[in-house]
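Peer 1: can you look at this prediction? I've put the sequence above it.
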Amino acid sequence: MKKRRPVLQDVADRIGITKMTVSRYLRNPEQVSAALREKIAVALDELGYIPNRAPDMLSNATSRAIGVLLPSLTNQVFADVLRGIETVTDAAGYQTMLSHFGYNQEKEELQLRSLLGWNIDGLILTERSHTAASLRMIETAGIPVIEMMDCVSPCLDMAVGFDNAEAARQMTRAIIAKGHRHTVYLGARLDERTLLKQRGYEIAMCEAGLQPQSVMMEEASSFTAGADLLREAQRRFPAVDSLFCTNDDLAVGAMFECQRQGLRVPDDLAIAGFHGHDISQVVNPQLATVLTPREQMGRKAASMLLARIGGDKTAVTPVNVGFEISEGGSI
């Protein structure tokens, strides 16, 4: 059951001004004084105010739409997840309203405010960390929420995913089992899942009595980034004999760079990735990678969300969809 959302009169009463003044601020903040702008902004934030873009008569009706917030529209991981989501929502007659936030919590907050303004019935999130204002809006909306891509980190309500740290630990152990002793972890974006994988890698290295060493960048992952990170790893750690990459893009980029340098994979340098993208299956040698069931995850998340919208409250614990280690021919 959706909660009653704060309306303009609630904001006005909190400050002691007219509803028309709040409305004027929302249309154009420059139309009110600087001092009043600050008071209104604080009140909106504290109340978790969500502008309602749907007609007032529909404010308590179901929209038969769910919001989906994705950090990337170019990453195959999230394209596969979305395909899984829409397999379920299309069959159920629900529309998906998609927003992209580029791994930026402040942008996620803006996109979330916009999505909630359309009176959506449920929300699918792909990150665990959110701004305080985002959390207040989600609480105010009172709609079912499910977070994806992880099944270990604390969640707001429902969750479906896999253990990123354990997956990284197992892949690192597979690299070590091949006799490699100087494995370097390559990471990009520095988002939560990249750091969880780094933790799993470090655990495996320490368990084997080896020194963990990482090369990280804040920029987005790409084939070019994989080549750049490999060269940086070679500069910092000349003894490097293997790489574990946070995703397949970096891993394949590193493989291309090995070809450019005349290095043989895995004889001169072993390389492993994460997620099992299509390209990992066709490069030569076949890339070692962690296979993650992305479409399955999307289908499960959408099914759980629609069930909750329908009144089913049995889903209380995070769902682990698991993963597989594929050693390919690159380690």
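Peer 2: Yep, that arrived.
Peer 1: which stretches of this protein have low pLDDT?
Peer 2: Along the chain, segments meeting pLDDT under 70 span 1-3, 52-62.
Peer 1: if we use 80, what do you get?
Peer 2: Scanning the chain for pLDDT under 80 picks out 1-5, 27, 50-63, 315.
Peer 1: domain ranges for it?
Peer 2: Annotated domains of the chain cover 8-47, 61-162+294-321, 164-291 [automatic domain parsing].
Peer 1: so how far is V68 from N104?
Peer 2: Going from N104 to V68 by Cβ to Cβ, to the nearest Å gives 17 Å. For the C-beta atoms, the positions are set from N, CA and C on the backbone; glycine is no exception.
Peer 1: the more surrounded of those two?
Peer 2: Neighbour count, other Cβ atoms under 10 Å: between N104 and V68, V68 has more, with 27 against 12.
Peer 1: nearest spatial neighbour of the more buried one, chain-adjacent residues omitted?
Peer 2: For V68, the nearest residue in space outside its immediate sequence neighbours is I124; the separation is 4.6 Å by Cβ to Cβ, 6 or more residues apart in numbering.
Peer 1: what does I120 give?
Peer 2: Counting by Cβ to Cβ, 6+ apart, G67 is the residue found nearest to I120 once chain neighbours are left out, at 4.5 Å.
Peer 1: for that neighbour, what are its contacts?
Peer 2: Taking Cβ atoms under 8 Å, 6 or more residues apart in numbering as the contact definition, G67 lies against T96, M97, S99, L112, L115, L116, W118, I120, G122, L123, I124.
Peer 1: quick check: which element contains the closest residue to the fourth one other than its chain neighbours?
Peer 2: In space, L112 comes closest to S134 once its chain neighbours are excluded; the distance is 5.3 Å by Cβ to Cβ, 6+ apart. Assessed by DSSP states H and E, S134 sits inside helix 132-141.
Peer 1: ranges for the helices of the stretch 201-331 of the chain?
Peer 2: For the stretch 201-331 of the chain, the helices defined by DSSP state H, counting those that start in this stretch occupy 223-236, 248-261, 278-282, 294-309.
Peer 1: give me the helices and strands touching the second one, please.
Peer 2: Helices and strands in packing contact with helix 248-261 are listed as strand 183-187, helix 223-236, strand 242-245, strand 270-272, helix 278-282; criterion 3 or more Cβ pairs under 8 Å, 6 or more residues apart in numbering; DSSP states H and E.
Peer 1: neighbours of I331, how many?
Peer 2: Neighbouring residues of I331 were enumerated by other Cβ under 10 Å; the total is 26.
Peer 1: pretty sure it contacts T289?
Peer 2: No. The criterion here is Cβ atoms under 8 Å, and I331 misses it with T289 at 9.9 Å.
Peer 1: any shared contact partners between those two?
Peer 2: Residues touching both I331 and T289 comprise A272, with contact defined as Cβ under 8 Å, 6+ apart.
Peer 1: list the beta-bridge partners for the residue nearest to V68.
Peer 2: Partner residues in beta bridges with I124, using DSSP bridges, are V68, I146.
Peer 1: any idea how far it lies from G298?
Peer 2: 8 Å.
Peer 1: which neighbours do these two share?
Peer 2: I85, M148.
Peer 1: which residues does H130 contact?
Peer 2: Contact analysis of H130 by Cβ under 8 Å, 6+ apart lists Q105, E108, E109, I138.
Peer 1: ok, and the closest non-adjacent residue to the first one?
Peer 2: Setting aside the residues directly before and after it, Q105 is nearest to T131 in space (Cβ to Cβ, 6+ apart), at 5.1 Å.
Peer 1: so that neighbour sits against L110, correct?
Peer 2: No. Checked against Cβ under 8 Å, the pair T131 and L110 is beyond contact range at 9.9 Å.
Peer 1: correct me if wrong: S134 contacts L110.
Peer 2: No. Using Cβ under 8 Å, S134 and L110 do not qualify as a contacting pair, with a distance of 9.4 Å.
Peer 1: more neighbours, these two?
Peer 2: Residue environment comparison for S134 versus L110 gives the larger neighbour count to S134, 24 against 15, counting by other Cβ under 10 Å.
Peer 1: now do the more buried one against E192, distance only.
Peer 2: Using Cβ to Cβ, which is the criterion applied here, S134 is 15 Å from E192.
Peer 1: again, but for L47
Peer 2: The separation that L47 has from E192, given Cβ to Cβ, amounts to 28 Å.
Peer 1: for G102, what are phi and psi?
Peer 2: In this entry, G102 is assigned phi and psi values of phi 60, psi 40 (degrees, to the nearest 10).
Peer 1: for the nearest residue to it once chain neighbours are set aside, list the residues it contacts.
Peer 2: Counting by Cβ to Cβ, 6+ apart, P71 is the residue found nearest to G102 once chain neighbours are left out, at 6.5 Å. Counting by Cβ under 8 Å, 6+ apart, P71 makes contact with F78, H100, F101, G102, Y103, T126, E127, D191.
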